[in-house]
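Novice: any chance you could fold what I've pasted below:
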Amino acid sequence: MLPPSRRDFVSLTVSESGSYTNSKQWRRQSCWRKWKRLSRLQRSLILFTLMLLLVCGIATSPTLIRHWRGEMQVRCKNGVCSICSLINFTRKSAFFLSKNYHIQIWRGAVIEEERASDTDTKDTEIQDDPASVALAESRLEAVREAFRHAWKGYKNFAWGHDELKPISKSYGEWFGLGLTLIDALDTMWILGLKEEFAEARQWVAKELSFDKNVDVNLFESTIRILGGLLSTYHLTGDSLFLEKAKDIGSRLMPAFSTASKIPYSDVNIGKGTAHSPQWTSDSTVAEVTSIQLEFRDLSRLTGDPKYKLAVMEVMKRVHKLDGKQDGLVPMFINTNNGLFTHQGIYTLGARADSYYEYLLKQWIQGDKTEKELLDDYLQAVEGVKKNLLKKSTPSGLTFVGELSHGQFSPKMDHLVCFLPGTLALGAHYGLPADHMELAKQLIETCYQMYAQMETGLSPEIAHFNMHEGSTQDVDVKIADRHNLLRPETVESLFYLYRFTKDKKYQQWGWEILQNFNKYTRVPTGGYTSINNVCDPASPIPRDKMESFFLGETLKYFYLLFSDDPNLISLDKYVFNTEAHPLPIWPQAE
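Specialist: Numbering: from 1, shown residues only. Okay, here's the model as predicted:
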């Protein structure tokens, strides 16, 4: 915790030959500047103190009043006005009291926090303010503590396995490749958890092997394993992670051995074979168009163009396909003929979501040189506005629904909450300003998907009311009441805060973290998905901690609560869809 700023005291030496009037005026201006720089909390403390003293003075005897006047008489000594001293004292007091202030927030007390609507306060002044610094640090430490608690459960009951089952104190396997550990590597590095990172690195060095007769999903292994290893290499410079990334990357390449150049969904990384799922010859559009950032980066690092060529061929074919509606794509694509299937259904939720995210992010990764990607993204945003954007009743929340053969459905997956952050990122890179306005409207909706639930946690899917006379905006069907510890809303809160500095986004994130701690934290270690966000008395644990809780959710919480714009600068890095930061390429490359 940082000490109070040494600029709390102002010294003024008055020359004997100088003007007393000018010196007095300077001191008044200095005090006024000090007053304007104080936070709302500090000003309230000062005014409360003055009012308390006034009330006490009226209520007490003249003797005590005279005594108080002797102790608190306003005068200037050595050029320092005692009002300035009171301000400095109160700033230090606020710094001290903020410790209890944080504890009260953690326990759920209703305390009004300072909001970024105070636009007259500069960012540097916010950072210098001791109370703000202390508040930020307490929240960052809360995220570190949450990670340590989750890591404790994984280490004790699931070490080296894919996923923790915190209730039964056991583990689950998907690929058998230590998925949670690899997904969490760069999170530990960003959070400064050196001990945990060191033990995870040792496991990667000694135990991680991809020479296994096991089928893996191309998309999931790319975004979690390849993306996690590449990101960790970029952040640490440790060649161990690059070598492991090369290994898994080369083993995934058989997926692209199709006549259509649209990859299979599954790869046996030991045998070097690939295939579609047993029940269909289709892949989902999101899966085949959300692996590009990682393979493009692998080509850049290895100097071997085959990885980039394979994934960019997919984008070229999807770009030319018929079956889109105003830039919106169907959810499935056939690996035999390379054509869209199940046409007429358009969503920004599961099976299509990250297609739109990666259009923008590839354009950013390539230093804004690939015009086709940008054109497809801009057209898709307009398609969302035209076909999927509606308002709820009674609050008028802006939400993104779905379209099925011309029929609109007010169904919105929690996954869609990636969109506010993506829109804000595009606006940051010079895309139309109304993208940012839409981002602000949508993040309000995503927050309300949490706030309007009895547990304060969002369901997996929400249905928005549009009928006149509705009393609540969000309805949740019984089958959709579960919460999987997903990151999308926290992700978008991070982007909105990074670009606007509006403190309400941090506050919303803080509320969500508290509710995760209240309803999903398992005392023996780890966090669990839950079945019912509508019943605080019985949320019903699912006994599963997804790897993305450590890889994404807690990472985005940490970045949201940090006021350091250089902590994974969005002018230098672009996040893959699993929250693994990859560098933006200089145009010369």
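
Novice: tell me who's in contact with Ser395.
Specialist: With contact set as CB atoms under 8 Å, 6 or more residues apart in numbering, Ser395 has these partners: 448, 473. Using the backbone N, CA and C atoms, a C-beta is placed for each residue, glycine as well.

Novice: quick one: which helix or strand includes it?
Specialist: Ser395 belongs to no helix or strand when elements are defined using DSSP states H and E.

Novice: relative to Thr445, how far out is it?
Specialist: Between Ser395 and Thr445 the distance, using CB to CB, to the nearest Å, works out to 9 Å.

Novice: got it, and Gln506?
Specialist: Look at Gln506 and Thr445: by CB to CB, they are 18 Å apart.

Novice: one more: Ala198?
Specialist: Relative to Thr445, Ala198 is positioned 41 Å away (criterion: CB to CB).

Novice: which residues are contacting stretch 272-283?
Specialist: Residues from elsewhere that reach stretch 272-283 (CB under 8 Å, 6+ apart): 218, 251, 254-255, 257, 262-268, 332-336, 341-342.

Novice: quick check: ChimeraX command selecting the buried ones in those.
Specialist: Applying 16 or more other CB atoms under 10 Å to these, the buried members can be selected in ChimeraX as follows:
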select :218,251,254,255,262,263,264,265,266,267,268,332,333,334,335,341
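
Novice: which members of the contacts of stretch 272-283 occur in helices, if any?
Specialist: Secondary structure from DSSP state H places 218, 251 of the contacts of stretch 272-283 in helices.

Novice: quick one: which of the contacts of stretch 272-283 sit in strands?
Specialist: Among those, the subset assigned to strands under DSSP state E consists of 266-268, 332-334, 341.

Novice: where's stretch 291-299 relative to the chain centroid, distance-wise?
Specialist: Distance, stretch centre to chain centre, for stretch 291-299: 22 Å (CA atoms, centre = their mean, to the nearest Å).

Novice: pLDDT of it, averaged?
Specialist: The average pLDDT within stretch 291-299 is 98.

Novice: one more: stretch 237-251?
Specialist: Mean pLDDT, computed over stretch 237-251, is 98.

Novice: so for it, what gets flagged as buried?
Specialist: Buried positions in stretch 237-251, judged by neighbour count with 16+ other CB under 10 Å: 241-242, 244-251.

Novice: same deal with stretch 522-542?
Specialist: The neighbour-count criterion (16+ other CB under 10 Å) identifies 522, 525-533, 539, 541-542 as the buried residues of stretch 522-542.

Novice: just the closest of those to Val288, please.
Specialist: Ser529 (27.0 Å; CB to CB).

Novice: and that closest one, what does it touch?
Specialist: Residues touching Ser529, when contacts are defined by CB under 8 Å, 6+ apart, comprise 482-485, 520, 541-546.

Novice: need the buried residues of stretch 237-251 in JSON lines (columns: secondary structure).
Specialist: Output for those, formatted as JSON lines (DSSP: H, G, I helix; E, B strand; the rest coil):
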{"residue": "Phe241", "secondary structure": "helix"}
{"residue": "Leu242", "secondary structure": "helix"}
{"residue": "Lys244", "secondary structure": "helix"}
{"residue": "Ala245", "secondary structure": "helix"}
{"residue": "Lys246", "secondary structure": "helix"}
{"residue": "Asp247", "secondary structure": "helix"}
{"residue": "Ile248", "secondary structure": "helix"}
{"residue": "Gly249", "secondary structure": "helix"}
{"residue": "Ser250", "secondary structure": "helix"}
{"residue": "Arg251", "secondary structure": "helix"}
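
Novice: quick check, nearest of those to Phe561?
Specialist: Closest to Phe561 out of the buried residues of stretch 237-251 is Phe241 (26.5 Å), distances taken as CB to CB.

Novice: got the contact list for that closest one?
Specialist: For Phe241, the contacting residues are 185, 204, 229-230, 232-233, taking CB under 8 Å, 6+ apart as the criterion.
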